[in-house]
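In: predicted model, plus sequence, below.
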Amino acid sequence: MATCSSKTALLPRISLSNLSSTSRSTTSLIPFSNSSYSSKSLKLSNSRSSSIIVTNVFKTLDSSDISVSKNRKLEATYADIKPTILVSEKLGEAGLQVLRSVANVDCSYNLSPEELCTKISLCDALIVRSGTKVTREVFEAAKGRLKVVGRAGVGIDNVDLQAATEFGCLVVNAPTANTVAAAEHGIALISSMARNVAQADASMKAGKWERTKYVGVSLVGKTLAVMGFGKVGSEVARRAKGLGMHVVAHDPYAPADRARAIGVDLVSFDEAISTADFISLHMPLTPTTSKILNDENFAKMKKGVRIVNVARGGVIDEDALVRALDSGIVAQAALDVFTVEPPPKDSKLVQHANVTVTPHLGASTKEAQEGVAIEIAEAVVGALGGELAATAVNAPMVPAEVLSELAPYVVLAEKLGRLAVQLVAGGSGIKSVKVVYTSSRDPNDLDTRLLRAMITKGIIEPISDTFVNLVNADFTAKQKGLRITEERVMVDSSSGSPIDSIQVQIANVDSKFASALSDNGQIIVKGKVKYGIAHLTCLGSFSVDVSLEGSIILCRQVDQPGMIGTVGTILGESNVNVSFMSVGRTGLRKQAIMAIGVDEEPSKETLKKIGEVPAIEEFVFLDL
């Protein structure tokens with residue numbers, strides 16, 4: 001890891017004012033030198049000229065932008081123009097009240113695909129349940145305006161995540177509010193199926209008394225296979241254990257220690273379905289899980305197995321299930337979800353005597369409906385206001401407490417990326433970027449996905465007509481042919497901070513400011529967070545101390561008396577206000593780097609005058 005010279009002495013900063021962060025700045029790409037300037041723009045390494053135009057979900061953040069409060073009010077954010085939120089399926093009144101406090105809310109239910117595409121270009125956010133299909137055509141019809149899609153529930157298989165990511169649209173869900181309700185419904189179906197409750201009820205209402213016909217089976221001692229050990233699956237497992245069942249689970253992503261803590265054995269798919277007396281499905285619908293219960297897998301099951309599905313209808317081949325029921329391989333099934341909803345009235349599966357059905361009631365309790373409505377409303381409102389949603393499904397999944405802790409480093413990461421790319425000389429192709437994090441924490445305990453996304457945003461936006469946000473950062477970097485690698489280095493530190501420093505390196509490029517190059521020819525910028533504010537601490541081989549706020553002029557000069565006054569006078573005569581100055585030097589009367597913070601962008605004539613000062617060897621203007 002390249003480091004700055006330890007011999008550099010620092011002069012104290014003359015003055016510092018706190019400059020507020022703007023939502024997005026337009027960066028000047030005109031490089032200046034002593035003799036001339038060039039208007040060549042920078043480029044990324046690929047040759048494709050087209051790029052995806054998307055809308056920023058997140059503004060440039062400062063440490064006050066990230067809030068983990070679920071009750072944050074955003075009236076001030078939308079004081080001038082309220083966003084428009086389309087709610088395409090019924091949402092609880094409590095959630096609608098949250099939305100109406102900050103936005104114009106359009107509740108339009110039962111829209112056809114064509115009607116949805118017509119409306120969506122006028123909307124900033126869309127809230128759906130499971131019935132609305134948010135396809136690529138919807139994102140294309142939005143023309144970049146759609147910033148957030150909220151799914152009121154857990155599953156997001158009705159949203160085209162790839163298209164959402166490409167168009168920079170954040171997708172959030174409500175994964176916690178209906179967890180208990182869905183688990184309770186799963187247990188209710190297991191119990192009612194085992195004791196033929198629905199069939200016996202229908203029989204009695206038909207005037208019959210058929211005790212012998214509806215003899216059930218006990219749950220105690222039976223093996224339940226939970227297929228998908230996420231939030232709902234694990235809650236079903238807990239309740240089934242309480243009923244005296246032996247529980248196994250299959251989930252390729254579930255931690256074994258979490259399963260053991262509940263008393264559940266994680267097993268292979270084939271072992272789960274072949275040993276179970278009851279199978280409860282809790283997996284998402286993906287290309288891998290589509291019709292995963294088919295003729296082949298039904299044949300592997302115990303004869304007389306009972307199946308419950310409160311997940312997604314598409315994970316079962318419904319025709320194959322009918323055949324398995326008719327053959328006796330499957331004794332009974334209890335289904336809350338179907339491949340097509342509502343299913344056809346003449347569906348053989350729905351009409352089968354050994355099948356118990358409910359109309360997608362998994363989350364349908366008063367408590368869950370209200371909880372889901374509030375959870376998704378707050379997630380959508382927060383995302384529109386620039387918050388980083390912990391429930392985002394197509395952006396770095398970072399827990400709320402980590403978001404709060406990393407807030408100032410998010411600002412540092414983006415500004416280092418923005419600074420580094422502006423130091424690249426026009427015409428240089430940027431192919432690779434290396435990011436080095438130093439921290440007192442074990443590298444395995446340091447989640448840097450959020451920081452990497454912000455560095456990517458900082459690097460790409462100043463030199464591209466593509467707007468970048470946390471959603472599409474990695475995708476956009478890949479499309480641009482930009483390779484970003486990361487390295488984590490442990491250091492001794494007693495500060496308790498998650499990050500000690502962040503260093504951005506760009507190799508194999510020319511620099512418009514030669515002092516930014518390290519001994520091995522890489523552009524290097526390094527920064528820290530001091531007192532909650534992002535600071536540049538290293539530039540090439542020079543140690544500096546620069547607050548990364550507003551715009552900055554960097555000068556390499558001969559260290560001699562009067563330089564601060566000379567440059568300050570030039571700026572003052574041009575009515576450019578100086579917010580701070582700091583100087584880092586290699587030694588007395590040798591070379592020095594002077595950093596000047598300015599509130600306004602100086603004119604070309606003003607910058608030309610600075611470049612003509614005899615002791616200034618090179619300089620560059622950077623807009624952060």
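Out: All right, it came through fine. From a predicted model like this one, the values you see are computed outputs, not experimental measurements.

In: any idea whether the residue most central in space within the chain is helix, strand or coil?
Out: Centrality entry for the chain: nearest residue to the mean C-alpha point is residue 395, 2.0 Å, by Cα atoms, centre = their mean. Following DSSP: H, G, I helix; E, B strand; the rest coil, residue 395 is assigned to coil.

In: from what I can see it touches residue 457, true?
Out: No - counting by Cβ atoms under 8 Å, residue 457 is not a contact partner of residue 395; they are 11.7 Å apart. Yep, even glycine has a C-beta here, placed from its N, CA and C like the rest.

In: common neighbours of these two, please.
Out: Each of residue 470 lies in contact with both residue 395 and residue 457 under the rule Cβ atoms under 8 Å, 6 or more residues apart in numbering.

In: just the buried positions in stretch 617-624, please.
Out: 617-624 (16 or more other Cβ atoms under 10 Å).

In: tell me which of those fall in strands.
Out: Within the buried residues of stretch 617-624, residues falling in strands by DSSP state E are 617-623.

In: and the biggest helix by length in the chain, which residues are buried?
Out: When the chain is parsed with DSSP state H, its longest helix is helix 400-422. Judged by neighbour count (16+ other Cβ under 10 Å), helix 400-422 contains these buried residues: 400, 402-403, 405-422.

In: low pLDDT regions in the chain?
Out: Where the chain drops to pLDDT under 70, the residues are 1-80, 388-389, 396-400, 426-428, 464-467, 469, 494-495, 585-590.

In: domain boundaries for it, per the record?
Out: 84-173+369-385, 178-357, 400-622 (the TED database).

In: what about these, which gets the closest to residue 363?
Out: domain 178-357 (3.6 Å; Cβ to Cβ).

In: end-to-end on that closest one?
Out: 20 Å (Cα to Cα, to the nearest Å).

In: now stretch 312-328
Out: First-to-last residue span, stretch 312-328, Cα to Cα: 23 Å.

In: who touches it?
Out: The contact list for stretch 312-328 (Cβ under 8 Å, 6+ apart) reads 155, 157, 281, 283-285, 289-295, 298, 301, 303-304, 307, 309, 330, 332-333, 335, 337-341, 347-349, 352, 354-355.

In: go through the domains of the chain and name the closest to residue 391.
Out: Across the domains of the chain, closest to residue 391 is domain 84-173+369-385 (Cβ to Cβ), at 4.9 Å.

In: distance between the closest one and the chain's centre?
Out: Distance of domain 84-173+369-385 from the chain centroid (Cα atoms, centre = their mean, to the nearest Å) equals 16 Å.

In: can you dump the C-alpha coordinates of stretch 243-257 into CSV?
Out: Taking C-alpha atoms only, stretch 243-257 is exported to CSV below (Å, rounded to 0.1, in the frame of the first residue of the first chain):
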residue,chain,number,x,y,z
LEU,A,243,-46.1,-28.9,18.7
GLY,A,244,-43.7,-31.8,19.2
MET,A,245,-42.6,-32.2,15.6
HIS,A,246,-39.1,-33.1,14.5
VAL,A,247,-38.0,-30.4,12.2
VAL,A,248,-35.4,-30.5,9.4
ALA,A,249,-34.8,-27.7,6.9
HIS,A,250,-33.2,-27.1,3.5
ASP,A,251,-31.8,-23.8,2.5
PRO,A,252,-28.4,-23.4,0.8
TYR,A,253,-27.9,-20.0,2.3
ALA,A,254,-29.0,-20.5,5.9
PRO,A,255,-26.4,-20.4,8.6
ALA,A,256,-26.0,-23.7,10.4
ASP,A,257,-25.6,-22.1,13.8
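
In: flag every buried residue along that stretch.
Out: By 16+ other Cβ under 10 Å, the buried positions in stretch 243-257 come out as 243, 245-251, 254.

In: possible to save these as JSON lines with distance to residue 183 and secondary structure?
Out: Converted to JSON lines, these look like this (distance: Cβ to Cβ, whole Å; DSSP: H, G, I helix; E, B strand; the rest coil):
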{"residue": "243", "distance to residue 183": "13", "secondary structure": "coil"}
{"residue": "245", "distance to residue 183": "14", "secondary structure": "coil"}
{"residue": "246", "distance to residue 183": "18", "secondary structure": "strand"}
{"residue": "247", "distance to residue 183": "13", "secondary structure": "strand"}
{"residue": "248", "distance to residue 183": "17", "secondary structure": "strand"}
{"residue": "249", "distance to residue 183": "14", "secondary structure": "strand"}
{"residue": "250", "distance to residue 183": "17", "secondary structure": "strand"}
{"residue": "251", "distance to residue 183": "15", "secondary structure": "coil"}
{"residue": "254", "distance to residue 183": "16", "secondary structure": "coil"}
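
In: residue 118: which of these is nearest?
Out: Looking across the buried residues of stretch 243-257 and measuring by Cβ to Cβ, the closest to residue 118 is residue 251, at 40.6 Å.

In: separation between that closest one and residue 297?
Out: Residue 251 sits 16 Å away from residue 297, going by Cβ to Cβ, to the nearest Å.

In: just residue 415 next, same as before
Out: 53 Å.

In: so residue 371 is in contact with residue 178, correct?
Out: Yes - judged on Cβ under 8 Å, residue 371 makes contact with residue 178 at a distance of 6.9 Å.

In: between these two, which is the more surrounded one?
Out: For the pair residue 371 and residue 178, the greater number of neighbours falls to residue 178 (25 against 22), based on other Cβ atoms under 10 Å.

In: grab the nearest non-local neighbour of that one.
Out: Nearest non-adjacent residue to residue 178, counting by Cβ to Cβ, 6 or more residues apart in numbering: residue 363, 3.6 Å away.

In: got a list of what the one you found touches?
Out: 153, 178, 181-182, 369, 372.

In: mind listing the strands for the stretch 351-500 of the chain?
Out: Under the criterion DSSP state E, counting those that start in this stretch, strands of the stretch 351-500 of the chain are mapped to 355-357, 429-430, 432-439, 483-490.

In: strand partners of the second one, parallel vs antiparallel please.
Out: As defined by DSSP bridges, the strand partners of strand 429-430 come to strand 43-44 (parallel).

In: next helix or strand past the partner strand?
Out: strand 84-87 (DSSP states H and E).
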